[in-house]
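Student: Need a 3D model of the sequence below.
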Amino acid sequence: MTLRWLGILGVGVGLIISTGCSGPATVIAPDYSPAATATAAFSEYDKNNDGKLDEKELESCPALKSSLAQLDKDGDKAISKDELIASLGEFARSKVSLMTARCNVTREGQPLANAEVKFIPEKFHGTAIKPAAGKSNQQGVVELRCEGNTLPGLSLGFYRVEISLKDEAGQETIPASFNSQTTLGQIVTSQMRGGLEINIP
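Tutor: Numbering: from 1, shown residues only. Sure, this is the predicted structure:
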C-alpha cells in the first residue's frame with residue numbers, strides 16, 4: 001500500500017466567511033493547547049514512561065508514526081514531548097482554519113470510484129478538531145470536508161486515515177489495514193501544498 005502527498009491541489013486559509021443560500025458562514029481556527037495535547041498523547045502511547053515515543057510505541061499511532069521523520073529534530077528515531085509540543089505550537093500560531101486538499105484513490109493503479117475516505121483525529125486532540133470525509137468520484141478524486149462544515153478542507157492536526165468501499169450486500173471490499181485496523185496516518189500542516197494519493201493493491 002502507498003500513501004503520499006503530491007501535486008498542488010489546495011492552499012491554507014485563515015478565518016473564512018462565505019455567503020450562500022443559508023447566509024454567512026464562519027469557520028475559525030481550532031483552539032489548540034500544545035502542552036495539554038502532547039501530555040494526552042504521551043499518556044496514551046509512552047508505555048515505558050521514558051519521555052519519548054519510539055518506533056515500537058508509534059506502531060499504535062499511525063499519524064505520529066508517519067510523521068516521525070518530520071518531528072524527530074534530534075535524529076534519535078523517536079518523538080520527544082518537546083518535539084511534539086513544537087509541532088502543535090505551529091498549528092496554534094498559524095491561525096489556519098482549514099487546509100483545502102483533495103485525495104486521489106486508486107486500486108491496482110486505476111481510479112477507484114465510490115470509496116469513502118475518512119480523516120479521523122487522533123484521540124489526543126480531544127474535541128479540538130473534527131473528522132473529515134469525502135467520497136471518490138469516477139476519477140478517484142475525493143474532496144475532503146470537515147464534519148459540520150459546508151466548506152471543503154481539513155483542520156491542522158494528526159489523523160488516522162480510513163478507506164472503505166462496501167458491495168451491495170454491505171460487505172467491505174477493502175482490506176482491514178485500510179479501515180477497521182488502519183495503518184495509515186497523516187499530519188496536516190499549514191506548509192502542505194498538495195493532495196493525498198492512496199493506492200490500494
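
Student: which secondary element of this protein has the worst mean pLDDT?
Tutor: Every helix and strand in the chain was compared by mean pLDDT, DSSP states H and E; the lowest is strand 16-20, with a mean of 30.

Student: quick one, phi psi at Pro62?
Tutor: Main-chain torsions, Pro62, degrees, to the nearest 10: phi -50, psi -40.

Student: Next, count neighbours for it.
Tutor: Neighbourhood size, Pro62 [other CB atoms under 10 Å]: 22. In this view, the C-beta of every residue, glycine as well, is placed from N, C-alpha and C.

Student: residues touching it, list them.
Tutor: Arg160, Val161, Thr182, Thr183, Leu184, Gly185 (CB atoms under 8 Å, 6 or more residues apart in numbering).

Student: now Ser136
Tutor: So Ser136 contacts Cys103, Val105, Pro111, Leu112, Ala113, Asn114, Ala115, Val117, Val142 (CB under 8 Å, 6+ apart).

Student: Could you identify which of those has the most neighbours?
Tutor: Val105 (28 neighbours).

Student: chain center to the lengthiest strand in the chain: distance?
Tutor: Under DSSP state E, the strand in the chain containing the largest number of residues is strand 157-164. Centroid separation between strand 157-164 and its chain, computed with CA atoms, centre = their mean, to the nearest Å, is 5 Å.

Student: Show me the residue at the heart of the protein, geometrically.
Tutor: Closest to where the C-alpha atoms of the chain average out (CA atoms, centre = their mean) is Tyr159, at 3.3 Å.
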